[in-house]
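Novice: got a predicted structure here, sequence first:
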Amino acid sequence: MAAVLLGVAAALFWSMHDVIARSCAARVGPFRMAALVMLAGAILLAGVVAWRGTIWVAPREAVIEGLLLGLAYGLGTGGLFKAFSLGPISLVGPVTSAYPVLVVFWGVVHGLEPTATQWLAVAATLAGGIIVARSGTVDGGINAVEPGKLPVLLFFCVLAALGYATSIVLGQNAAVTVGEIEATFLSRFTALITIAPFLTVEPRTGTMTRNHWLAILGMGLCDVLAVISVNASGHFPGKEFAAVGISMYGAIAVILATIFLKEKVSPGQWLGIAMIAGGVATLSLSQ
């Protein structure tokens, strides 16, 4: 249960992060914003990492794993932010939230043996995410994407899903040897390297205001708290199921978007949200 709950905590932090991202992605620029969020996260963690001192005596393999985590996470974040600049959170959130299932499949390949109830919970969570994405209102979800932009949006959603799935596996492994906070700190720098090529092709945006900088700082805090939560789940049995807890992200993101961004939610989307919540709750109780 602990691993799943840590995944749910990560989902909440990332949902808060993404609501802020959606509100200023077009103005700041998706990749510029992603780079600044990584930098803000590194600054926020620097003092804690220096005080704990674990990173200075960690095995070289553990440090490398933390750096590789950043490369994968950078791809995920860059893809997600670009998708947010092309479509609403009520579509992008649920589509990208399917990536935790990839982590469960990875676990099965490496010895995880889910029960029938756990498989049903995973299936319900995935199905709920698809329903949320496909059941938008007339002016929301898939219907809000500009003509011709859907293939590009889906490409960046897939890029985000693959990047995030890989980062979960790497982060959980690194947390055991170098520490969840230290692995998150290391990932900020290599994530910047991954995002840098996208910055070279991004059009220049307007000057950032004080509110934009505060938003970046808030996103940086939410992001590192989410990654630390996921990494920490690597200490518990059934760590792969933390990824299914993260699937709550799509549901939470849609609810927060409804409250703060006034995006509309259809009855079908509420059904999908209920399926996601039920799947995650069942998985938590079945461990």
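Specialist: Here it is on my side, so go on.

Novice: going forward, measure contacts and count neighbours with C-alpha atoms only.
Specialist: Fine.

Novice: for the stretch 151-287 of the chain, which segments count as helices?
Specialist: 180-200, 210-232, 242-246, 248-260, 267-286 (DSSP state H, counting those that start in this stretch).

Novice: point out the most buried one among those helices.
Specialist: Among these, helix 242-246 has the highest mean neighbour count (mean count of other CA atoms under 10 Å), at a mean of 32.

Novice: which elements pack onto that helix?
Specialist: Judged by 3 or more CA pairs under 8 Å, 6 or more residues apart in numbering; DSSP states H and E, the packing partners of helix 242-246 are helix 2-28, helix 100-109.

Novice: wait, doesn't Val37 sit right on Ala215?
Specialist: No: the criterion here is CA atoms under 8 Å, and Val37 misses it with Ala215 at 9.2 Å.

Novice: mind telling me which of the helices and strands packed on helix 242-246 the model trusts least?
Specialist: Mean pLDDT is lowest for helix 100-109 among the helices and strands packed on helix 242-246, at a mean of 78.

Novice: next structured bit after that helix?
Specialist: Sequence-wise, the next helix or strand downstream of helix 100-109 (DSSP states H and E) is helix 116-134.

Novice: in TSV, list the helices and strands packed on helix 242-246 along with mean neighbour count and distance to Leu221.
Specialist: As requested, these are exported to TSV (neighbours: other CA atoms under 10 Å; distance: least, CA to CA, whole Å):
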stretch	mean neighbour count	distance to Leu221
helix 2-28	23	8
helix 100-109	19	22
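
Novice: quick revisit: out of the helices of the stretch 151-287 of the chain, nearest to Val49?
Specialist: Nearest of these to Val49, taken as CA to CA: helix 180-200 at 6.1 Å.

Novice: which other residues reach the closest one?
Specialist: Residues outside helix 180-200 that contact it (CA atoms under 8 Å, 6 or more residues apart in numbering): 31-32, 34-35, 38-39, 41-42, 45-46, 49, 54-55, 63, 65-75, 78, 171-172, 174-175, 224, 227-229, 231-232.

Novice: now stretch 65-78
Specialist: Against stretch 65-78 from outside (CA under 8 Å, 6+ apart): 30-31, 34, 159-164, 166-168, 170-171, 173-174, 182-184, 186-195, 198.

Novice: pull that stretch out as PDB, backbone CA atoms only.
Specialist: The C-alpha coordinates for stretch 65-78 follow below in PDB (Å, rounded to 0.1, in the frame of the first residue of the first chain):
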ATOM      1  CA  GLU A  65      21.700   6.000 -12.600                       C
ATOM      2  CA  GLY A  66      20.500   9.300 -11.200                       C
ATOM      3  CA  LEU A  67      22.000  11.100 -14.100                       C
ATOM      4  CA  LEU A  68      20.300   8.700 -16.600                       C
ATOM      5  CA  LEU A  69      17.100   9.300 -14.700                       C
ATOM      6  CA  GLY A  70      17.400  13.000 -15.700                       C
ATOM      7  CA  LEU A  71      17.900  12.200 -19.400                       C
ATOM      8  CA  ALA A  72      14.600  10.100 -19.500                       C
ATOM      9  CA  TYR A  73      12.800  12.600 -17.400                       C
ATOM     10  CA  GLY A  74      13.900  15.500 -19.600                       C
ATOM     11  CA  LEU A  75      12.300  13.800 -22.600                       C
ATOM     12  CA  GLY A  76       9.100  13.200 -20.700                       C
ATOM     13  CA  THR A  77       8.900  16.800 -19.400                       C
ATOM     14  CA  GLY A  78       9.800  18.400 -22.800                       C
END
